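>>> Turn this into a structure:
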Amino acid sequence: MIWVVLMALLAPQAEARRPRAVEEPSKDAPEAGPEPVATPEPAATRSIPPLPLPPDPAQLNLDEAKKHYNLARASYGNGNIHESLEHFLHAYQKGDNPALLYNIGSIYEELGDAENAVLALKRAATEAMQRKDIPSLALDRDPPSTPKAPAPAPAPATPVQFAELPDILARLPTGNKASQDTAVVVGLEDYAFIPDVPHAARDAEAFRSFLLYTRGIPQHRIQHLTAGSRDHIEAAVKTAAAEAGDGGTVWVYFAGHGAASTETGERIILGDDVRADAISLDKRGLPVEDLATLARSGGAKAMMVLDTCYAGVGRGGETLIAGKRFAVPSYAVRAGGGEAHWNAAGPNELSGPLADVDHGAFTYFAVGALRGWADGELSGTRDGKVTAAEAHAFVTRALKARGIRDQQPQWTGEADTNDWVLSEGATELGPKL
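Okay, here's the model as predicted:
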(Lines give C-alpha, C1' and ligand atoms only; values in the text may rest on other atoms or scores of the structure.)
Protein backbone atom coordinates (compact mmCIF):
# COMPACT_ATOMS: atom_id res chain seq x y z
CA MET A 1 0.00 0.00 0.00
CA ILE A 2 1.39 3.39 -0.93
CA TRP A 3 -0.01 6.02 1.41
CA VAL A 4 -0.92 9.24 -0.35
CA VAL A 5 -0.20 12.83 0.60
CA LEU A 6 -2.19 12.60 3.80
CA MET A 7 0.85 11.03 5.48
CA ALA A 8 2.59 14.36 5.26
CA LEU A 9 -0.45 16.16 6.62
CA LEU A 10 -1.24 13.95 9.57
CA ALA A 11 0.98 13.96 12.64
CA PRO A 12 1.41 10.40 13.91
CA GLN A 13 -0.41 9.75 17.16
CA ALA A 14 0.68 7.01 19.51
CA GLU A 15 -2.19 4.94 20.81
CA ALA A 16 -2.49 4.81 24.57
CA ARG A 17 -2.36 1.30 25.88
CA ARG A 18 -4.77 0.51 28.72
CA PRO A 19 -3.40 -1.57 31.61
CA ARG A 20 -4.94 -5.01 31.74
CA ALA A 21 -6.06 -6.54 35.01
CA VAL A 22 -4.21 -9.79 35.74
CA GLU A 23 -5.50 -12.37 38.21
CA GLU A 24 -3.07 -13.64 40.81
CA PRO A 25 -2.33 -17.23 39.79
CA SER A 26 -2.92 -19.98 42.29
CA LYS A 27 0.14 -21.74 43.62
CA ASP A 28 -1.40 -25.07 42.60
CA ALA A 29 -2.35 -23.91 39.14
CA PRO A 30 -0.19 -25.10 36.23
CA GLU A 31 2.06 -22.52 34.64
CA ALA A 32 0.24 -20.66 31.90
CA GLY A 33 1.52 -21.02 28.36
CA PRO A 34 2.12 -18.12 26.03
CA GLU A 35 -0.89 -15.98 25.27
CA PRO A 36 -2.35 -16.83 21.87
CA VAL A 37 -1.76 -14.19 19.20
CA ALA A 38 -4.85 -12.78 17.54
CA THR A 39 -4.91 -13.32 13.81
CA PRO A 40 -6.88 -11.31 11.27
CA GLU A 41 -10.28 -12.71 10.43
CA PRO A 42 -10.24 -14.66 7.15
CA ALA A 43 -11.52 -12.58 4.25
CA ALA A 44 -14.11 -15.18 3.33
CA THR A 45 -16.00 -14.67 6.61
CA ARG A 46 -16.50 -10.93 6.23
CA SER A 47 -18.53 -9.00 3.74
CA ILE A 48 -17.03 -6.04 1.91
CA PRO A 49 -18.86 -2.76 2.54
CA PRO A 50 -19.78 -0.85 -0.61
CA LEU A 51 -18.44 2.57 -1.46
CA PRO A 52 -20.81 5.07 0.22
CA LEU A 53 -22.31 8.15 -1.36
CA PRO A 54 -20.28 11.37 -1.17
CA PRO A 55 -20.22 12.79 2.37
CA ASP A 56 -22.94 15.07 3.71
CA PRO A 57 -21.33 18.47 4.43
CA ALA A 58 -23.48 18.78 7.56
CA GLN A 59 -21.93 15.60 9.01
CA LEU A 60 -18.25 16.47 8.62
CA ASN A 61 -16.04 16.10 11.66
CA LEU A 62 -12.31 16.45 11.04
CA ASP A 63 -11.34 15.12 14.46
CA GLU A 64 -13.26 11.92 13.74
CA ALA A 65 -11.72 11.76 10.29
CA LYS A 66 -8.19 11.98 11.72
CA LYS A 67 -8.94 9.31 14.29
CA HIS A 68 -10.25 6.84 11.72
CA TYR A 69 -7.41 7.60 9.32
CA ASN A 70 -4.81 6.69 11.96
CA LEU A 71 -6.78 3.56 12.89
CA ALA A 72 -6.98 2.60 9.21
CA ARG A 73 -3.21 2.81 8.81
CA ALA A 74 -2.62 0.82 11.99
CA SER A 75 -5.11 -1.86 10.95
CA TYR A 76 -3.54 -2.22 7.53
CA GLY A 77 -0.08 -2.53 9.07
CA ASN A 78 -1.38 -5.34 11.29
CA GLY A 79 -2.88 -7.21 8.36
CA ASN A 80 -6.53 -6.36 9.18
CA ILE A 81 -7.49 -5.34 5.66
CA HIS A 82 -11.27 -5.34 6.16
CA GLU A 83 -10.96 -3.30 9.35
CA SER A 84 -8.63 -0.87 7.57
CA LEU A 85 -11.19 -0.40 4.81
CA GLU A 86 -13.97 0.31 7.32
CA HIS A 87 -11.88 2.97 9.04
CA PHE A 88 -10.94 4.57 5.71
CA LEU A 89 -14.60 4.73 4.74
CA HIS A 90 -15.41 6.43 8.05
CA ALA A 91 -12.52 8.86 7.56
CA TYR A 92 -13.81 9.71 4.09
CA GLN A 93 -17.38 10.24 5.33
CA LYS A 94 -16.20 12.54 8.12
CA GLY A 95 -13.34 14.28 6.29
CA ASP A 96 -14.58 14.54 2.69
CA ASN A 97 -11.04 14.42 1.30
CA PRO A 98 -10.81 12.69 -2.12
CA ALA A 99 -7.19 11.71 -1.45
CA LEU A 100 -8.59 9.03 0.87
CA LEU A 101 -10.37 7.44 -2.09
CA TYR A 102 -7.05 6.33 -3.58
CA ASN A 103 -6.36 4.23 -0.48
CA ILE A 104 -9.94 2.98 -0.45
CA GLY A 105 -9.73 2.00 -4.11
CA SER A 106 -6.44 0.18 -3.55
CA ILE A 107 -7.90 -1.85 -0.69
CA TYR A 108 -10.99 -2.76 -2.70
CA GLU A 109 -8.67 -3.99 -5.43
CA GLU A 110 -6.66 -5.99 -2.90
CA LEU A 111 -9.88 -7.60 -1.66
CA GLY A 112 -10.91 -8.48 -5.20
CA ASP A 113 -13.79 -5.99 -5.43
CA ALA A 114 -13.04 -4.52 -8.85
CA GLU A 115 -16.36 -2.70 -9.16
CA ASN A 116 -15.95 -0.60 -6.01
CA ALA A 117 -12.23 -0.11 -6.74
CA VAL A 118 -13.07 1.48 -10.07
CA LEU A 119 -15.81 3.64 -8.55
CA ALA A 120 -13.47 4.89 -5.82
CA LEU A 121 -10.64 5.74 -8.19
CA LYS A 122 -12.94 7.47 -10.67
CA ARG A 123 -14.45 9.58 -7.92
CA ALA A 124 -10.99 10.42 -6.57
CA ALA A 125 -9.76 11.60 -9.96
CA THR A 126 -12.87 13.67 -10.62
CA GLU A 127 -13.00 15.36 -7.22
CA ALA A 128 -9.28 16.02 -6.96
CA MET A 129 -9.26 17.87 -10.28
CA GLN A 130 -12.50 19.76 -10.01
CA ARG A 131 -12.86 20.80 -6.38
CA LYS A 132 -11.33 23.77 -4.63
CA ASP A 133 -12.93 23.19 -1.22
CA ILE A 134 -11.10 20.06 -0.12
CA PRO A 135 -10.84 20.03 3.69
CA SER A 136 -7.36 19.56 5.11
CA LEU A 137 -6.86 16.81 7.66
CA ALA A 138 -3.84 18.57 9.12
CA LEU A 139 -3.96 18.71 12.92
CA ASP A 140 -5.43 21.92 14.27
CA ARG A 141 -3.26 23.50 16.98
CA ASP A 142 -6.02 25.84 18.19
CA PRO A 143 -9.42 24.40 17.33
CA PRO A 144 -12.29 26.90 17.46
CA SER A 145 -14.26 26.94 20.70
CA THR A 146 -17.60 26.96 18.88
CA PRO A 147 -18.51 24.80 15.91
CA LYS A 148 -18.69 26.45 12.55
CA ALA A 149 -21.88 26.38 10.55
CA PRO A 150 -21.72 23.77 7.80
CA ALA A 151 -20.61 25.16 4.48
CA PRO A 152 -23.15 25.09 1.67
CA ALA A 153 -22.74 22.35 -0.89
CA PRO A 154 -20.43 23.58 -3.67
CA ALA A 155 -21.85 24.21 -7.11
CA PRO A 156 -20.81 21.76 -9.83
CA ALA A 157 -17.32 22.67 -10.95
CA THR A 158 -15.48 22.37 -14.22
CA PRO A 159 -11.83 21.34 -14.57
CA VAL A 160 -9.45 24.19 -13.86
CA GLN A 161 -6.59 24.89 -16.23
CA PHE A 162 -3.14 24.83 -14.63
CA ALA A 163 -1.25 28.10 -14.48
CA GLU A 164 2.08 26.32 -14.05
CA LEU A 165 3.48 23.11 -15.53
CA PRO A 166 1.82 20.26 -13.58
CA ASP A 167 3.40 17.04 -12.43
CA ILE A 168 2.88 14.26 -14.99
CA LEU A 169 4.08 11.66 -12.50
CA ALA A 170 0.87 12.10 -10.48
CA ARG A 171 -1.46 9.16 -10.97
CA LEU A 172 -4.52 9.82 -13.12
CA PRO A 173 -6.81 6.78 -12.81
CA THR A 174 -9.77 6.50 -15.18
CA GLY A 175 -11.03 3.01 -14.40
CA ASN A 176 -10.31 1.88 -17.97
CA LYS A 177 -9.23 -1.70 -18.61
CA ALA A 178 -7.00 -2.23 -21.65
CA SER A 179 -6.69 -5.92 -20.87
CA GLN A 180 -5.59 -6.87 -24.39
CA ASP A 181 -2.69 -4.40 -24.48
CA THR A 182 0.88 -5.03 -23.41
CA ALA A 183 3.75 -2.61 -23.01
CA VAL A 184 7.51 -2.34 -22.78
CA VAL A 185 8.68 0.89 -21.14
CA VAL A 186 12.41 1.60 -21.36
CA GLY A 187 14.15 4.51 -19.65
CA LEU A 188 17.95 4.30 -19.98
CA GLU A 189 19.56 7.17 -18.12
CA ASP A 190 22.91 5.71 -17.05
CA TYR A 191 25.16 4.62 -19.91
CA ALA A 192 28.48 2.94 -19.17
CA PHE A 193 30.62 4.32 -21.99
CA ILE A 194 28.76 7.27 -23.54
CA PRO A 195 27.09 10.34 -21.96
CA ASP A 196 24.07 9.79 -19.73
CA VAL A 197 20.55 10.83 -20.72
CA PRO A 198 19.13 13.33 -18.18
CA HIS A 199 15.62 12.57 -16.91
CA ALA A 200 15.15 9.38 -18.96
CA ALA A 201 14.19 7.37 -15.86
CA ARG A 202 11.54 9.94 -14.84
CA ASP A 203 10.24 10.02 -18.40
CA ALA A 204 9.79 6.26 -18.45
CA GLU A 205 8.06 6.29 -15.07
CA ALA A 206 5.63 8.98 -16.26
CA PHE A 207 4.77 7.02 -19.39
CA ARG A 208 4.36 3.84 -17.38
CA SER A 209 1.99 5.69 -15.03
CA PHE A 210 -0.13 6.74 -18.01
CA LEU A 211 -0.28 3.20 -19.36
CA LEU A 212 -1.13 1.69 -15.97
CA TYR A 213 -3.57 4.17 -14.45
CA THR A 214 -4.99 6.11 -17.40
CA ARG A 215 -4.87 3.69 -20.31
CA GLY A 216 -5.60 0.83 -17.93
CA ILE A 217 -3.07 -1.81 -18.97
CA PRO A 218 -2.78 -4.38 -16.14
CA GLN A 219 0.45 -4.04 -14.19
CA HIS A 220 1.63 -7.58 -14.96
CA ARG A 221 1.41 -6.81 -18.69
CA ILE A 222 3.82 -3.84 -18.48
CA GLN A 223 7.57 -4.50 -18.52
CA HIS A 224 9.61 -1.59 -17.18
CA LEU A 225 13.34 -1.51 -17.93
CA THR A 226 15.66 1.06 -16.35
CA ALA A 227 18.78 -0.74 -17.55
CA GLY A 228 19.46 -3.12 -20.38
CA SER A 229 21.18 -3.94 -23.62
CA ARG A 230 19.80 -4.59 -27.08
CA ASP A 231 19.18 -8.19 -26.04
CA HIS A 232 17.11 -7.21 -22.99
CA ILE A 233 14.93 -4.81 -24.96
CA GLU A 234 14.44 -7.29 -27.78
CA ALA A 235 13.46 -10.08 -25.38
CA ALA A 236 10.96 -7.84 -23.57
CA VAL A 237 9.24 -6.80 -26.81
CA LYS A 238 9.12 -10.40 -27.99
CA THR A 239 7.32 -11.37 -24.78
CA ALA A 240 4.92 -8.42 -25.06
CA ALA A 241 4.04 -9.36 -28.64
CA ALA A 242 3.31 -12.95 -27.66
CA GLU A 243 1.06 -11.89 -24.76
CA ALA A 244 -0.95 -9.18 -26.55
CA GLY A 245 -4.55 -10.16 -27.18
CA ASP A 246 -6.69 -9.92 -30.30
CA GLY A 247 -7.42 -6.29 -31.05
CA GLY A 248 -4.80 -5.18 -28.56
CA THR A 249 -1.81 -2.89 -28.92
CA VAL A 250 1.83 -3.46 -28.04
CA TRP A 251 3.15 -0.17 -26.68
CA VAL A 252 6.91 0.37 -26.89
CA TYR A 253 8.21 3.49 -25.15
CA PHE A 254 11.91 4.32 -25.25
CA ALA A 255 13.83 7.18 -23.63
CA GLY A 256 17.56 6.95 -24.17
CA HIS A 257 20.19 7.31 -26.86
CA GLY A 258 19.58 6.73 -30.53
CA ALA A 259 21.76 6.94 -33.61
CA ALA A 260 21.82 6.16 -37.30
CA SER A 261 23.56 3.05 -38.52
CA THR A 262 26.91 3.91 -40.09
CA GLU A 263 26.28 1.12 -42.61
CA THR A 264 22.64 1.57 -43.63
CA GLY A 265 21.60 4.96 -42.21
CA GLU A 266 18.57 3.36 -40.53
CA ARG A 267 17.42 4.50 -37.11
CA ILE A 268 18.72 2.49 -34.17
CA ILE A 269 18.23 2.73 -30.42
CA LEU A 270 21.12 2.05 -28.10
CA GLY A 271 21.28 -0.15 -25.03
CA ASP A 272 23.30 1.01 -22.05
CA ASP A 273 26.30 -1.17 -22.92
CA VAL A 274 27.15 0.56 -26.22
CA ARG A 275 30.68 1.90 -26.58
CA ALA A 276 31.67 5.16 -28.21
CA ASP A 277 32.71 3.74 -31.57
CA ALA A 278 30.97 3.05 -34.87
CA ILE A 279 31.48 -0.72 -34.68
CA SER A 280 29.74 -0.96 -31.31
CA LEU A 281 26.87 1.25 -32.46
CA ASP A 282 26.17 -0.95 -35.46
CA LYS A 283 26.61 -4.25 -33.65
CA ARG A 284 24.87 -3.35 -30.38
CA GLY A 285 22.27 -0.93 -31.71
CA LEU A 286 18.71 -2.16 -32.29
CA PRO A 287 17.03 -1.03 -35.53
CA VAL A 288 13.71 0.67 -34.84
CA GLU A 289 12.04 -1.02 -37.80
CA ASP A 290 13.12 -4.45 -36.58
CA LEU A 291 11.75 -3.68 -33.13
CA ALA A 292 8.41 -2.57 -34.58
CA THR A 293 8.22 -5.76 -36.68
CA LEU A 294 8.85 -7.79 -33.55
CA ALA A 295 6.14 -5.88 -31.67
CA ARG A 296 3.63 -6.80 -34.38
CA SER A 297 4.72 -10.43 -34.62
CA GLY A 298 1.80 -11.65 -32.49
CA GLY A 299 -0.84 -9.94 -34.61
CA ALA A 300 -1.47 -6.89 -32.40
CA LYS A 301 -0.94 -3.27 -33.42
CA ALA A 302 2.38 -1.61 -32.56
CA MET A 303 2.53 1.87 -31.01
CA MET A 304 6.14 3.08 -30.89
CA VAL A 305 6.83 6.19 -28.76
CA LEU A 306 10.48 7.19 -29.08
CA ASP A 307 12.00 10.04 -27.08
CA THR A 308 15.38 9.95 -28.71
CA CYS A 309 17.17 11.38 -31.72
CA TYR A 310 19.41 9.79 -34.30
CA ALA A 311 21.94 12.47 -35.19
CA GLY A 312 24.62 11.17 -32.82
CA VAL A 313 24.07 13.83 -30.17
CA GLY A 314 22.75 13.27 -26.66
CA ARG A 315 19.98 15.12 -24.84
CA GLY A 316 22.53 17.44 -23.28
CA GLY A 317 24.18 18.24 -26.61
CA GLU A 318 27.20 15.93 -26.25
CA THR A 319 28.33 13.92 -29.27
CA LEU A 320 28.23 10.15 -28.84
CA ILE A 321 31.30 9.60 -31.01
CA ALA A 322 33.84 12.43 -30.95
CA GLY A 323 33.78 14.48 -34.12
CA LYS A 324 31.00 12.46 -35.77
CA ARG A 325 27.42 13.35 -36.66
CA PHE A 326 25.01 11.08 -38.49
CA ALA A 327 22.88 11.85 -41.51
CA VAL A 328 19.40 10.44 -40.95
CA PRO A 329 17.09 9.81 -43.91
CA SER A 330 13.48 10.97 -43.73
CA TYR A 331 11.20 8.69 -41.76
CA ALA A 332 9.23 6.43 -44.05
CA VAL A 333 5.75 4.98 -43.64
CA ARG A 334 5.77 1.23 -44.02
CA ALA A 335 2.99 -0.50 -45.89
CA GLY A 336 0.59 -2.85 -44.19
CA GLY A 337 -0.90 -0.66 -41.47
CA GLY A 338 -1.25 -1.58 -37.83
CA GLU A 339 1.86 0.33 -36.85
CA ALA A 340 2.63 3.90 -35.86
CA HIS A 341 5.81 5.66 -34.74
CA TRP A 342 5.70 8.82 -32.63
CA ASN A 343 9.18 10.31 -32.76
CA ALA A 344 10.39 13.09 -30.48
CA ALA A 345 12.18 14.95 -33.27
CA GLY A 346 12.63 15.02 -37.01
CA PRO A 347 15.62 13.66 -38.90
CA ASN A 348 18.87 15.37 -37.87
CA GLU A 349 17.13 17.25 -35.02
CA LEU A 350 17.87 16.91 -31.31
CA SER A 351 15.46 15.68 -28.65
CA GLY A 352 16.06 18.04 -25.77
CA PRO A 353 15.07 18.38 -22.10
CA LEU A 354 12.52 20.63 -20.44
CA ALA A 355 14.56 21.77 -17.47
CA ASP A 356 11.62 23.32 -15.60
CA VAL A 357 10.10 19.91 -14.92
CA ASP A 358 13.10 17.52 -15.16
CA HIS A 359 11.68 15.65 -18.14
CA GLY A 360 12.40 15.32 -21.81
CA ALA A 361 10.40 18.04 -23.56
CA PHE A 362 8.67 15.60 -25.90
CA THR A 363 7.74 13.10 -23.20
CA TYR A 364 6.42 15.80 -20.89
CA PHE A 365 3.93 17.14 -23.40
CA ALA A 366 3.18 13.71 -24.91
CA VAL A 367 2.16 12.29 -21.54
CA GLY A 368 0.26 15.49 -20.81
CA ALA A 369 -1.57 15.19 -24.12
CA LEU A 370 -2.67 11.67 -23.16
CA ARG A 371 -3.82 12.86 -19.72
CA GLY A 372 -6.45 14.94 -21.49
CA TRP A 373 -4.55 18.10 -22.41
CA ALA A 374 -4.97 17.38 -26.12
CA ASP A 375 -8.68 16.60 -25.99
CA GLY A 376 -10.38 18.90 -28.51
CA GLU A 377 -7.06 20.19 -29.88
CA LEU A 378 -8.29 20.05 -33.49
CA SER A 379 -12.04 20.53 -33.19
CA GLY A 380 -12.18 22.81 -30.18
CA THR A 381 -14.70 20.45 -28.54
CA ARG A 382 -13.71 18.06 -25.78
CA ASP A 383 -15.26 14.60 -26.06
CA GLY A 384 -13.31 12.62 -23.45
CA LYS A 385 -11.04 11.01 -26.05
CA VAL A 386 -7.57 11.86 -27.32
CA THR A 387 -6.79 10.69 -30.82
CA ALA A 388 -3.32 10.34 -32.28
CA ALA A 389 -3.87 13.39 -34.48
CA GLU A 390 -4.97 15.49 -31.50
CA ALA A 391 -2.04 14.35 -29.36
CA HIS A 392 0.53 15.02 -32.06
CA ALA A 393 -0.90 18.44 -32.89
CA PHE A 394 -0.90 19.43 -29.22
CA VAL A 395 2.71 18.38 -28.61
CA THR A 396 3.88 20.23 -31.72
CA ARG A 397 2.10 23.40 -30.59
CA ALA A 398 3.27 23.06 -26.98
CA LEU A 399 6.95 22.78 -27.92
CA LYS A 400 6.72 25.90 -30.08
CA ALA A 401 4.88 27.75 -27.31
CA ARG A 402 7.77 26.94 -24.94
CA GLY A 403 10.25 28.36 -27.42
CA ILE A 404 11.52 24.96 -28.61
CA ARG A 405 11.44 25.52 -32.36
CA ASP A 406 14.31 23.29 -33.48
CA GLN A 407 12.57 20.08 -32.36
CA GLN A 408 9.57 19.03 -34.40
CA PRO A 409 7.96 15.72 -33.42
CA GLN A 410 7.14 13.32 -36.23
CA TRP A 411 4.19 10.94 -36.55
CA THR A 412 4.63 8.17 -39.11
CA GLY A 413 1.93 5.69 -39.94
CA GLU A 414 -0.78 5.09 -42.48
CA ALA A 415 -3.65 7.57 -42.57
CA ASP A 416 -5.94 5.49 -40.36
CA THR A 417 -3.48 5.69 -37.46
CA ASN A 418 -4.36 9.37 -37.05
CA ASP A 419 -7.74 8.26 -35.76
CA TRP A 420 -6.39 5.81 -33.18
CA VAL A 421 -7.80 6.67 -29.75
CA LEU A 422 -4.75 6.69 -27.50
CA SER A 423 -6.50 7.82 -24.34
CA GLU A 424 -10.09 7.86 -23.13
CA GLY A 425 -11.75 9.22 -20.01
CA ALA A 426 -8.81 11.45 -19.02
CA THR A 427 -10.25 14.90 -18.38
CA GLU A 428 -7.25 16.79 -17.04
CA LEU A 429 -6.70 20.23 -18.54
CA GLY A 430 -3.16 21.21 -19.41
CA PRO A 431 -1.18 24.34 -18.59
CA LYS A 432 -1.75 27.64 -20.28
CA LEU A 433 0.67 27.77 -23.18
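
>>> mind listing the helices for this structure?
All helices of the chain, identified by DSSP state H, fall at 6-9, 62-77, 81-95, 99-110, 114-130, 200-209, 230-243, 278-284, 288-295, 361-368, 388-401.

>>> Just the pLDDT at Lys432, thanks.
In this model, Lys432 is scored at 87, pLDDT.

>>> contacting residues for Leu121?
Leu101, Tyr102, Gly105, Pro173, Thr174, Gly175 (CB atoms under 8 Å, 6 or more residues apart in numbering). (Glycine included, C-beta is placed from N, CA and C.)

>>> mind checking how far the fifth one is from Thr427?
Read it as Thr174. To Thr427, Thr174 is 9 Å away according to CB to CB, to the nearest Å.

>>> list residues touching both of those two?
Ala125.

>>> Can you pick out the residue with more neighbours from these two?
Thr174 (22 against 17; other CB atoms under 10 Å).

>>> Find the residue closest to the more buried one in space, skipping its chain neighbours.
Nearest non-adjacent residue to Thr174, counting by CB to CB, 6 or more residues apart in numbering: Gly425, 3.8 Å away.

>>> Check whether the one you found really touches Pro173, as I assumed.
No. Between Gly425 and Pro173 there is no contact under CB atoms under 8 Å: 9.4 Å.

>>> and those two? which has more neighbours close in?
Between Gly425 and Pro173, counted using other CB under 10 Å, Pro173 has the larger neighbour count: 22 against 18.

>>> Provide a list of residues in contact with the closest residue in space to Arg123 that isn't next to it in sequence.
Leaving aside its chain neighbours, Arg123 sits nearest to Leu101 (5.5 Å; criterion: CB to CB, 6+ apart). By CB under 8 Å, 6+ apart, the contact set of Leu101 is Tyr92, Ala120, Leu121, Arg123, Ala124, Glu127.

>>> okay if I get these as JSON lines plus pLDDT and distance to Met304?
Below are the contacts of Leu101 laid out as JSON lines (pLDDT from 0 to 100; distance: CB to CB, whole Å):
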{"residue": "Tyr92", "pLDDT": "89", "distance to Met304": "41"}
{"residue": "Ala120", "pLDDT": "84", "distance to Met304": "34"}
{"residue": "Leu121", "pLDDT": "84", "distance to Met304": "29"}
{"residue": "Arg123", "pLDDT": "80", "distance to Met304": "34"}
{"residue": "Ala124", "pLDDT": "80", "distance to Met304": "32"}
{"residue": "Glu127", "pLDDT": "69", "distance to Met304": "35"}
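
>>> What is the most widely separated pair among those?
Spatial extent of these (CB to CB) is set by the pair Tyr92 and Leu121 at 13.2 Å.

>>> ok, the spatially closest residue to Pro218 that is not a sequence neighbour to Ile217 distance?
Counting by CB to CB, 6+ apart, the nearest residue to Pro218 once its immediate chain neighbours are dropped is Ser179, at 6.2 Å. According to CB to CB, Ser179 and Ile217 sit 8 Å apart.

>>> Same drill for those two, tell me which one is more crowded.
Between Ser179 and Ile217, Ile217 has the larger neighbour count (other CB under 10 Å), namely 24 against 11.

>>> Find me the pLDDT at that one, would you?
At Ile217, pLDDT is 96.

>>> Please apply the same query to Ser280.
For Ser280, pLDDT reads 88.

>>> tell me the contacts of it?
Shown in contact with Ser280 (CB under 8 Å, 6+ apart): Phe193, Val274.

>>> re the thing from before, any idea which of the contacts of Leu101 is closest to Ala389?
Nearest member of these to Ala389, counting by CB to CB, is Leu121, at 28.4 Å.

>>> burial count for Phe254?
So Phe254, with other CB under 10 Å, has 28 neighbours.

>>> who does it bridge with?
Val186, Leu306 (DSSP bridges).

>>> That one contacts Cys309, doesn't it?
No. In this structure Phe254 lies outside contact range of Cys309 using CB under 8 Å: 11.7 Å.

>>> Just give me the neighbour total for Tyr108.
Using other CB under 10 Å: Tyr108 sits among 24 other residues.

>>> all strands for the stretch 301-433 of the chain, in order.
Taking DSSP state E, counting those that start in this stretch as the test, the strands found in the stretch 301-433 of the chain are 301-307, 339-343, 353-354, 359-360, 385-387, 410-413, 421-424.

>>> Let me fix that, I meant to ask about the stretch 151-300 of the chain.
Going by DSSP E, counting those that start in this stretch, the stretch 151-300 of the chain shows strands at 182-187, 222-225, 249-255, 258-260, 267-270, 285-287.

>>> export these to CSV and tack on mean pLDDT and distance to Gly384?
Putting the strands of the stretch 151-300 of the chain into CSV (pLDDT from 0 to 100; distance: least, CB to CB, whole Å) gives the following:
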stretch, mean pLDDT, distance to Gly384
strand 182-187, 98, 22
strand 222-225, 97, 23
strand 249-255, 98, 19
strand 258-260, 90, 34
strand 267-270, 94, 33
strand 285-287, 94, 36
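
>>> Looking at the ones you listed, which is nearest to Asp113?
Judging the strands of the stretch 151-300 of the chain by CB to CB, what sits closest to Asp113 is strand 222-225, at 22.6 Å.

>>> Which strands and helices lie in contact with that closest one?
strand 182-187, helix 200-209, helix 230-243 (3 or more CB pairs under 8 Å, 6 or more residues apart in numbering; DSSP states H and E).

>>> residues making contact with the first one?
The contact list for strand 182-187, computed with CB under 8 Å, 6+ apart, reads 200-205, 207-208, 211, 217, 221-226, 228, 233, 236-237, 240-241, 243-244, 248, 250-256, 300.

>>> ok, now stretch 372-385?
With CB under 8 Å, 6+ apart, stretch 372-385 has contacts from 172, 365, 368-369, 386, 389-391, 393-395, 397, 421, 423-431.

>>> quick check, distance from that stretch to the centre of its chain.
Relative to the centre of its chain, stretch 372-385 is centred 21 Å away, using CA atoms, centre = their mean, to the nearest Å.

>>> residues near the nearest residue to Ala389 once chain neighbours are set aside, how many?
For Ala389, ignoring the flanking residues on the chain, the nearest one in space by CB to CB, 6+ apart is Asn418 at 4.1 Å. Asn418 has 17 neighbours, counted by other CB under 10 Å.
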